[in-house]
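Chemist: Fold the following and give me the result.
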Amino acid sequence: MIIDCAQNSALAKELLFFLSQKEISARLSDDLVVSEKKISKNILELFLKETDRSKHKVTPFDSDTFVIVIQKDLEDIGLESCEFCGYTSHHDLVDVHRRTHQGL
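Modeler: Prediction:
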């Protein structure tokens, strides 16, 4: 089981300490928390609640990986998405891309 803390080493260290208090064995590998046993999403959400991280969300990445992130809207980070196909890039590039759907 891997928990990716999105390059937040302070968060990873706090999570490791939290898990040790819950008697869940884990170790750090860069900014990843790695455990031999499955860790439930509920445990990770409890960690976020107890450490007052209301902006963070636990997102499953695959069957053995969770990512803890602060979710942002595309516009907040300067990106836009094509409403026809979902292509995502900067406004000018998406504008040009949309024209390909319209055959212009």
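Chemist: Report how many residues lie close to L46.
Modeler: Applying other CB atoms under 10 Å, we find 14 residues neighbouring L46. Where you see a C-beta, it was placed from the backbone N, CA and C, and this is true even at glycine.
Chemist: ok, which stretches of this protein are strands?
Modeler: Secondary structure of the chain (DSSP state E): strands at 2-4, 27-29, 32-34, 56-62, 65-70, 80-81, 88-89.
Chemist: nearest to N42, of these?
Modeler: Closest to N42 of these, according to CB to CB: strand 56-62, at 9.1 Å.
Chemist: Between strand 65-70 and the closest one, find me the angle.
Modeler: Counting by axes from the mean of the first three to the mean of the last three CA atoms, to 10 degrees, strand 56-62 lies at 150 degrees to strand 65-70.
Chemist: Point out the other helices and strands that strand 56-62 packs with.
Modeler: helix 41-50, strand 65-70 (3 or more CB pairs under 8 Å, 6 or more residues apart in numbering; DSSP states H and E).
Chemist: Going by mean pLDDT, which of the strands of the chain comes out lowest?
Modeler: Among the strands of the chain, strand 80-81 carries the lowest mean pLDDT, at a mean of 88.
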